[in-house]
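>>> Sharing a model prediction with you, sequence too.
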Amino acid sequence: MKQIIVAVIVSLSGIPALAGEDGIIKIRADAQVGETMDRLEAAVTNAGATIFARVDHAEGAQSVDMSLDPAELLVFGNPQLGTPAMQDDPLAGLYLPLRVLVYQDPDGQVWLAYDDPEVMFDDLSIPDNADYIGRMSEALTNLTGAAANE
């Protein structure tokens, strides 16, 4: 039910998004992977969050003479949101800091994808009504929306 609510909110905001049963939310982007990632990085920085890493998976594959469609991962966070989750359950650190993957699918479409906070903490001792879950969801929606359709 929570996935449906997130999908409805995102769709009402004009951002093409898909919420899978696996808890992964995907947003269609209108630019190539590098430009979309640059937009995401700028949005995260402008929001005051900390960027911990930007990983270029295709570059990594190329370094071992393998090929991979463009795919980059941004790892970022805000201790004001993440710390309370880890106080509720230290295993939240397996999912934090947050991560967004920007990738090109086999058809050439670029997507932003991330774990839905409403789902990713389901197996932990985190209350379903914890306010930071909604705040993480809202932040991810806003940041990926800005990156997808700037």
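Received the coordinates, thanks.
>>> Buried residues, the longest helix seen in the chain. List them.
Longest helix in the chain, counting residues (DSSP state H): helix 131-148. By neighbour count with 16 or more other C-beta atoms under 10 Å, helix 131-148 contains the buried residues 132-133, 136-137, 139-141, 143-148. Quick note: C-beta positions are derived from backbone N, CA and C, even for glycine.
>>> And that helix, what does it pack against?
When contacts are defined as 3 or more C-beta pairs under 8 Å, 6 or more residues apart in numbering; DSSP states H and E, helix 131-148 packs onto helix 2-12, strand 24-28, helix 33-46, helix 79-88, strand 98-104, strand 110-115, helix 117-120.
>>> Report the buried residues of the third one.
It refers to helix 33-46. 33, 36-41, 43-44.
>>> ditto for the second one
Applying a neighbour-count criterion of 16+ other C-beta under 10 Å, the buried positions in strand 24-28 are 24-27.
>>> State the mean pLDDT of stretch 54-69.
Here stretch 54-69 scores 96 as its mean pLDDT.
>>> Compute the first-to-last residue distance for it.
One end of stretch 54-69 sits 16 Å from the other (C-alpha to C-alpha, to the nearest Å).
>>> So what touches that stretch?
37, 41, 70-75, 103-106 (C-beta atoms under 8 Å, 6 or more residues apart in numbering).
>>> Got a quick ChimeraX command for the buried subset of the residues you listed?
A single ChimeraX command suffices to select whichever of the contacts of stretch 54-69 are buried according to 16+ other C-beta under 10 Å:
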select :37,41,70,71,72,73,74,103,104
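>>> between the contacts of stretch 54-69, which is nearest Leu96?
Val75 (9.5 Å; C-beta to C-beta).
>>> Just say helix, strand or coil for that closest one.
strand (DSSP: H, G, I helix; E, B strand; the rest coil).
>>> if we can go back for a sec, got JSON lines for the buried residues of helix 33-46, with distance to Ala92 and pLDDT too?
Shown next, in JSON lines, are these (distance: C-beta to C-beta, whole Å; pLDDT from 0 to 100):
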{"residue": "Val33", "distance to Ala92": "29", "pLDDT": "98"}
{"residue": "Thr36", "distance to Ala92": "27", "pLDDT": "98"}
{"residue": "Met37", "distance to Ala92": "25", "pLDDT": "98"}
{"residue": "Asp38", "distance to Ala92": "29", "pLDDT": "98"}
{"residue": "Arg39", "distance to Ala92": "27", "pLDDT": "98"}
{"residue": "Leu40", "distance to Ala92": "22", "pLDDT": "98"}
{"residue": "Glu41", "distance to Ala92": "24", "pLDDT": "98"}
{"residue": "Ala43", "distance to Ala92": "23", "pLDDT": "98"}
{"residue": "Val44", "distance to Ala92": "19", "pLDDT": "98"}
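>>> Done for today, thanks.
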